[in-house]
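1. My questions concern the predicted model and sequence given below.
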Amino acid sequence: MAQDASYYQIAQKASRQIGSHPGLTDLQQRIQNSGSVLDLGCGEGSRLASMMGKRVGGIGIDINRYAINLARKSYPQHKYIAYSGKKLPFSANSFGLVYSAFVLEHTQNQQHFINEAIRVLQHNGILIILCPNFGAPSRRSPNSVENPLTKLYRGFTEDFRHRDLTSLGWTKVVPQKTYDNIDDDTTVEPYVRTLGTYLQFMGFKILIQSSLWQLEPASYNPRKLLFAVLGKLGVYPLKYWGPQVWVVAQKNRNSYPPT
């Protein structure tokens, strides 16, 4: 339990940093104008509570029962449900807004996770995903064992190659047995470009697709500096190589219904 407690103390601190993050600020604003709201991977509940503000009745779901118990005690104005990791316990078209903030990189089956979010989202509803952009060619997760130059070359060439639109194609990594940082249990390397492509294939309208270059720390490394300048200028594919994934997408009536 000590590990759970320390992990969720870090998560709670991060949840409060809304004003400094454009994706979280946008998410909070959208929640205020949405009906039913679902937080996929709510953890100990602080993010949902912060996002909802004075509103009540938000729903959070998480695979960790310890976290769910913390959320229920701390934020009883919302509903928190323990999730098996399989089918979400909601009928199709249940929510006006579904979001996942810094959770996707820790999941075991990312495509199923996203497909379930699509299933429970109402027509014209909004799906928002935020997570590290570990899958960008110039980046890597803490658990990556791939040579950085090999990944850079492979990723760059794949950005110009026709890909299978029916899958995300993200690289899986092995979580560390012990961790000092919140991303040490990362299981996969998400990539903003392929996430947007997949959601478009599923019939979504992409409202925002950003790798959040504005969050990149200043660097004197010539390569990193060049990538950042070109990325901020919107040069393809470097515009997708920023530090984080931020996708806002709207479900259309002709969106593909996942099974």
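-> Thanks, I have the structure now.

2. Beyond the host helix or strand of Arg154, next helix or strand please.
-> Using DSSP states H and E, the element containing Arg154 is helix 148-158. As assigned by DSSP H and E, the chain's next helix or strand after helix 148-158 is strand 171-172.

3. ok, back up a step: buried ones in the helix holding Arg154?
-> Buried residues in helix 148-158, counted by 16 or more other C-beta atoms under 10 Å: 151-152, 155, 158. For glycine as for every other residue, the C-beta is placed from the backbone atoms N, C-alpha and C.

4. what does stretch 206-225 give?
-> Residues of stretch 206-225 classed as buried: 209-213, 216 (neighbour count, 16+ other C-beta under 10 Å).

5. ok, back up a step: including distance to Ala49 and pLDDT, could the buried residues of helix 148-158 go into a markdown table?
-> Supplementary listing: the buried residues of helix 148-158 in a markdown table, determined by distance: C-beta to C-beta, whole Å; pLDDT from 0 to 100:
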| residue | distance to Ala49 | pLDDT |
| --- | --- | --- |
| Lys151 | 38 | 97 |
| Leu152 | 40 | 97 |
| Gly155 | 37 | 96 |
| Glu158 | 40 | 95 |
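
6. Just send those residues back as TSV, with distance to Ser84 too.
-> Formatted as TSV, the buried residues of helix 148-158 follow (distance: C-beta to C-beta, whole Å):
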residue	distance to Ser84
Lys151	34
Leu152	38
Gly155	34
Glu158	34
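
7. Pull the helix holding Arg154 out as CSV, backbone CA atoms only.
-> The C-alpha coordinates for helix 148-158 follow below in CSV (Å, rounded to 0.1, in the frame of the first residue of the first chain):
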residue,chain,number,x,y,z
PRO,A,148,17.7,6.2,-30.1
LEU,A,149,19.2,6.6,-33.6
THR,A,150,17.5,3.5,-34.8
LYS,A,151,14.2,4.7,-33.5
LEU,A,152,14.7,8.1,-35.1
TYR,A,153,15.4,6.6,-38.5
ARG,A,154,12.6,4.1,-38.3
GLY,A,155,10.1,6.6,-37.0
PHE,A,156,11.0,9.2,-39.6
THR,A,157,10.6,6.8,-42.5
GLU,A,158,7.3,5.4,-41.1
